[in-house]
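S.K.: need a structure here:
(chains A and B)
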Amino acid sequence: MNTPFFEAQGIAKEFSGVPALSGIDLSLSTGEILGVIGENGAGKSTLIKIISGIYQPSAGRLLLDGAPVFMKTPLFAKRLGVSVVPQEFNLIGSLSVFENVFLGGELRKGVLLDKKAMREKTAALLSELGSSVSPGELVDNLSVAQKQLVEIAKAMVHESRLLILDEPTTVLTKEETAVLFTRMRSLKARGVAMIYISHKLAEVREICDRVMVMRDGEKISEDPASDMDEREMARRMVGRELTQIFPEKTVPREAPALEAAGLTSPKGVEDMTFTLHEGEILGVAGLMGSGKTALAETLMGLRQKSAGEVRIKGKEARIRRPKDAVLLNMAYLSEDRQGKGLVLGFDIPQNITLISLKNYCRGLIDKGAERKKAAEYVEAFNIKAASLDIELRRLSGGNQQKVYLSKWMDVSPEILILNEPTRGIDVNAKTEIYRFINSLARSGIACMVISSELEEIIGLCSRALVLREGRIAGEVSGEALNEESIMYLAAGLGAGKGTAQ
Amino acid sequence: MKKRFEFAKFAPLFALILLFVISSLTSPYFLNFRNITNILRQSSYTGIIGLGLTFVIIGGGIDLSVGSMVALAGGLAVMVLNAAGAGAMAIVWAVLAGLCAGALLGMVNGLIVTKGRIAPFIATLGTMSIFRSLTLYISNAGEFRSANDLYPELGSGYILGLPIPVWIFFLMAVGFHIILNNTRFGRYVCAVGANERVAEYSAIKIDLVKFLTYVLTGLSVAVSAILLSSRLNSLSSSNAGVFYELDAIAAVVIGGTSLSGGAGSVFGTVIGAVILGMINNMLNMVGVSPYLQGTVKGLVIIFAVLAQYKRKSN
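M.R.: Numbering: from 1, shown residues only, chains lettered A, B, ... in the order given. The predicted structure is shown next:
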């Protein structure tokens, strides 16, 4: 093994006196992939921000090629070959691929932009990454996986030596993840070192050479990836043995809660017919763009339906906007808690009561009642927050998600649609949310769980719809509720076992 | 952490106190009670407009038409006043007419923005021109002169030593503060301005909320227009309310409300308006050319926004 070219020694960071990181050491040799895992709030993001020059450490130092280096800005770090592919894309949709790749570091010929050179360089970078995207294409027209490659290309404009990938596969399907891993391996072969952050432990085990586990701002362990199985990784992250992740499955009741017949929306829903029963947890699976979110948004009146009907408890429902759905006791936890779910500048009570605010009003808002209710949710959901008055943006992903869930529970729903309920949150919070969904179903609430994580669908649901290109490709339940038959249906490779269509 | 936030919240108030101290040191006449009430009166006209505008801006919009609206709503009020004959009852009719006109003009703005899906800046730039031109047309570019002897009482009278417009300004501020902080509507305005998408997904009728912010602004403008026309006992169709949109927006921004929406403070706007009034007053007292006063005002606005931006990036 060659000597490390990049080292971090005793990195610590405090935010207004509260330690977020302490004494972190790490080192990377060329062509090495280091996995960093930990629960939300373990300090992974802070560590990355220090390495990439967004934050300055309170103590400790970074060394590049053995010499101490001061990463004063992200651009400076990038010029030294240290760049980040962020979890949330930073691309401008109305600009073309090459304009995004060179954003902020445009090539010039005199005072004018050298578009030709930028196009060529972008094309070269993309072909190195094995992407066929044209440099002139608008980013808005790209798929999520393509956008990610553009982010990687952007990160590599300045000959990258250390590439940090923050949760890169959260938004990717299984196939797209496989493609990403191929690209990563070829970068590795060229000597690019990578730090790979993910909650998906199987992937970490697959792609990384070494795995570093963080907990509460400290480094817990660092071992070769081959020495640890996923169970062991999870155990170290949480600091205790994880008993069963999924609770025992529920048995649906007879009564239908929601029936859709021939449901169609011009925006991605084609002739969908299905029934959701009281007390059922119905899974909805499918690849990116298969109509999972479109289905949920059509049911909630966020997209207009053009044909078909929806019956709630046997009665035809006319849902033209979310308000109508809420009045029918429907709730929808969207897939994007920051973009569609929570007001990040509001505090916890304000967020929780945003939909149910009417219940707290007698002319004026009864702020005492609001806070009392919020405190109950904080307690019930084990939401970790310094105080109720904290702005939502200051909470970790898992805690934000719990607040988001509380917000919808406060309308006392009978039908609950959950879209990617555990996206980007840690194992502990995940388990808590699974248990909660399960207990809701037991109390008779009809739950629909939309997810791109098959494990979640299989572990949680008693039955699942598989969508493909806006249609229901099939339905699986019982024995047939397994990864293989879902993938078959989702990819359109003929009917899986036990389908009902 | 907590402390710094509190400081930021009260920054406009500290600026006001600082300005007060400087002004009282610069000119011996500044602390004169009469002078203080004059400043407050001057501030109240654009301040009242600013109160409504605070809601529009927190909701993520802007209203450039308020200056022209002052002339149109005020003009219509005076016309009704004259048509209703003499006596106190005529004033009641005029006030009602003015408020209705203001609400109606606000509705026009609200409809164009929500139903027409036109950016508020452009929509109200359009109505700014339309309202002014209608005012000029109705009055034949002349004056709306009141024929009612009692009417001036409203704008120039005093209660307990303070001018009536100042009382109305402060009372409205308290009311609007409660609306913003303690009612569903106020909460929804903040949510819509902070993240329209989140508001939509939270089953809030965002169009209705935005529409109402413009109506509220229309009503505030009407109050200001009535007080102004009553004080002068007339209203010039070409000059009334000119540049009021700038002063009102400036008051809101100086008061700490972010132009990008989502959060803001009604009392901040009151302070913003008083700061502007105080600056004008001080510049007059120390004899700065009136032509240069716009420059100072402009610098204050830029500085206020800059301070806000710095605060955010911390």
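S.K.: is it true that A:Ala20 touches A:Glu14?
M.R.: Yes - counting by C-beta atoms under 8 Å, A:Glu14 is a contact partner of A:Ala20 at 6.7 Å. To be clear about C-beta, it is placed using only N, CA and C from the backbone, and glycine gets the same treatment.
S.K.: okay, the two: which has more neighbours?
M.R.: Neighbours around A:Ala20 and A:Glu14, counted as other C-beta atoms under 10 Å in any protein chain shown, are more numerous at A:Ala20. The numbers are 20 against 14.
S.K.: helix or strand next in line after the strand or helix carrying that one, which one?
M.R.: Counting by DSSP states H and E, the element that carries A:Ala20 is strand A:18-28. Once the chain leaves strand A:18-28, the next helix or strand it forms, by DSSP H and E, is strand A:33-38.
S.K.: how deep is the closest residue to chain B within the stretch 101-250 of chain A tucked in, by neighbour count?
M.R.: Of all residues in the stretch 101-250 of chain A, the one sitting closest to chain B is A:Asp140 (17.0 Å; C-beta to the nearest C-beta). By other C-beta under 10 Å, the residues close to A:Asp140 number 12.
S.K.: list the contacts of it.
M.R.: Residues in contact with A:Asp140 (C-beta atoms under 8 Å, 6 or more residues apart in numbering or on different chains) are A:93-94.
S.K.: distance of it from B:Arg197?
M.R.: For A:Asp140, the distance to B:Arg197 equals 17 Å [C-beta to C-beta, to the nearest Å].
S.K.: equivalent analysis for A:Ile450, please.
M.R.: In terms of C-beta to C-beta, A:Ile450 sits 18 Å off from B:Arg197.
S.K.: between those two, which is the more surrounded one?
M.R.: Here A:Ile450 and B:Arg197 are compared on neighbour count by other C-beta under 10 Å; more neighbours surround A:Ile450, at 26 against 16.
S.K.: go ahead and confirm the more buried one touches A:Lys292.
M.R.: Yes - if you go by C-beta under 8 Å, A:Ile450 and A:Lys292 touch, sitting 4.7 Å apart.
S.K.: ok, the residue lying farthest from the centre of chain A to A:Ala117 distance?
M.R.: What lies farthest from the middle of chain A is A:Gly110; by C-alpha atoms, centre = their mean that is 42.8 Å. According to C-beta to C-beta, A:Gly110 and A:Ala117 sit 13 Å apart.
S.K.: do the same with A:Ala491
M.R.: In this view, A:Ala491 and A:Ala117 are 40 Å apart by C-beta to C-beta.
S.K.: ok, now A:Ile365?
M.R.: With distances taken as C-beta to C-beta, A:Ile365 is found 58 Å from A:Ala117.
S.K.: any chance you could map the helices in chain B?
M.R.: B:2-26, B:33-58, B:66-83, B:88-114, B:120-138, B:151-156, B:164-182, B:184-194, B:196-201, B:206-232, B:244-254, B:266-285, B:290-313 (DSSP state H).
S.K.: can I get the ones you listed in TSV with mean pLDDT and distance to A:Ser96?
M.R.: Output for those, formatted as TSV (pLDDT from 0 to 100; distance: least, C-beta to C-beta, whole Å):
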stretch	mean pLDDT	distance to A:Ser96
helix B:2-26	77	40
helix B:33-58	95	34
helix B:66-83	96	41
helix B:88-114	96	32
helix B:120-138	97	27
helix B:151-156	89	59
helix B:164-182	96	43
helix B:184-194	96	31
helix B:196-201	94	25
helix B:206-232	96	32
helix B:244-254	93	36
helix B:266-285	93	42
helix B:290-313	79	29
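S.K.: out of the ones you listed, flag the one nearest A:Met71.
M.R.: Within the helices of chain B, the stretch nearest A:Met71 is helix B:290-313; the backing value is 18.7 Å (C-beta to C-beta).
S.K.: elements contacting the closest one?
M.R.: For helix B:290-313, the packing partners by 3 or more C-beta pairs under 8 Å, 6 or more residues apart in numbering or on different chains; DSSP states H and E come out as helix B:2-26, helix B:244-254, helix B:266-285.
S.K.: okay, those in JSON lines with distance to chain A and mean neighbour count next?
M.R.: Formatted as JSON lines, the helices and strands packed on helix B:290-313 follow (distance: least, C-beta to the nearest C-beta, whole Å; neighbours: other C-beta atoms under 10 Å in any protein chain shown):
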{"stretch": "helix B:2-26", "distance to chain A": "9", "mean neighbour count": "14"}
{"stretch": "helix B:244-254", "distance to chain A": "18", "mean neighbour count": "26"}
{"stretch": "helix B:266-285", "distance to chain A": "15", "mean neighbour count": "23"}
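S.K.: just send these back as CSV, with distance to B:Ala119 too.
M.R.: As requested, these are exported to CSV (distance: least, C-beta to C-beta, whole Å):
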stretch, distance to B:Ala119
helix B:2-26, 28
helix B:244-254, 16
helix B:266-285, 23
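S.K.: for A:Leu416, which of the ones you listed is the nearest?
M.R.: A:Leu416 sits nearest to helix B:2-26 of all these, at 35.4 Å, using C-beta to C-beta.
S.K.: the inter-axis angle of that closest one versus helix B:33-58?
M.R.: On the basis of axes from the mean of the first three to the mean of the last three C-alpha atoms, to 10 degrees, helix B:2-26 is oriented at 140 degrees to helix B:33-58.
S.K.: so what does helix B:2-26 touch, helix or strand wise?
M.R.: Under the contact definition 3+ C-beta pairs under 8 Å, 6+ apart, helix B:2-26 sits against helix B:266-285, helix B:290-313.
S.K.: if we use 7 Å, what do you get?
M.R.: If you count contacts as 3 or more C-beta pairs under 7 Å, 6 or more residues apart in numbering or on different chains; DSSP states H and E, helix B:2-26 packs onto helix B:266-285.
S.K.: got a list of contacts for the helix it packs on?
M.R.: By C-beta atoms under 7 Å, 6 or more residues apart in numbering or on different chains, the residues outside helix B:266-285 that reach it are B:12-13, B:15-16, B:19-20, B:23, B:26-27, B:29-30, B:35, B:39-40, B:42-43, B:46-47, B:50-51, B:54, B:173, B:176-177, B:180, B:247, B:250-257, B:293, B:296-297, B:300.
S.K.: now do stretch A:214-229
M.R.: By C-beta under 7 Å, 6+ apart, stretch A:214-229 touches A:19-25, A:35-36, A:38-39, A:42-44, A:204-205, A:208-213, A:236-237, A:239.
S.K.: for stretch A:222-237, what is the average pLDDT?
M.R.: Here stretch A:222-237 scores 85 as its mean pLDDT.
S.K.: stretch A:130-140 now?
M.R.: What stretch A:130-140 shows for mean pLDDT is 86.
S.K.: keeping just the C-alphas, turn it into PDB.
M.R.: Taking Å, rounded to 0.1, in the frame of the first residue of the first chain, the C-alpha atoms of stretch A:130-140 are listed here in PDB:
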ATOM      1  CA  GLY A 130     -19.200   6.800 -19.700                       C
ATOM      2  CA  SER A 131     -22.100   9.200 -20.200                       C
ATOM      3  CA  SER A 132     -23.600   9.900 -23.600                       C
ATOM      4  CA  VAL A 133     -25.200  13.200 -22.500                       C
ATOM      5  CA  SER A 134     -24.500  16.000 -25.000                       C
ATOM      6  CA  PRO A 135     -22.700  19.000 -23.400                       C
ATOM      7  CA  GLY A 136     -25.200  21.400 -25.000                       C
ATOM      8  CA  GLU A 137     -28.300  19.700 -23.500                       C
ATOM      9  CA  LEU A 138     -30.300  21.700 -20.900                       C
ATOM     10  CA  VAL A 139     -30.000  20.200 -17.400                       C
ATOM     11  CA  ASP A 140     -33.700  20.400 -17.000                       C
END
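S.K.: buried residues of that stretch, list them for me.
M.R.: In terms of neighbour count (16 or more other C-beta atoms under 10 Å in any protein chain shown), stretch A:130-140 has its buried residues at A:131, A:133, A:135, A:139.
S.K.: and what of stretch A:93-110?
M.R.: Buried residues in stretch A:93-110 (16+ other C-beta under 10 Å): A:96-102, A:107.
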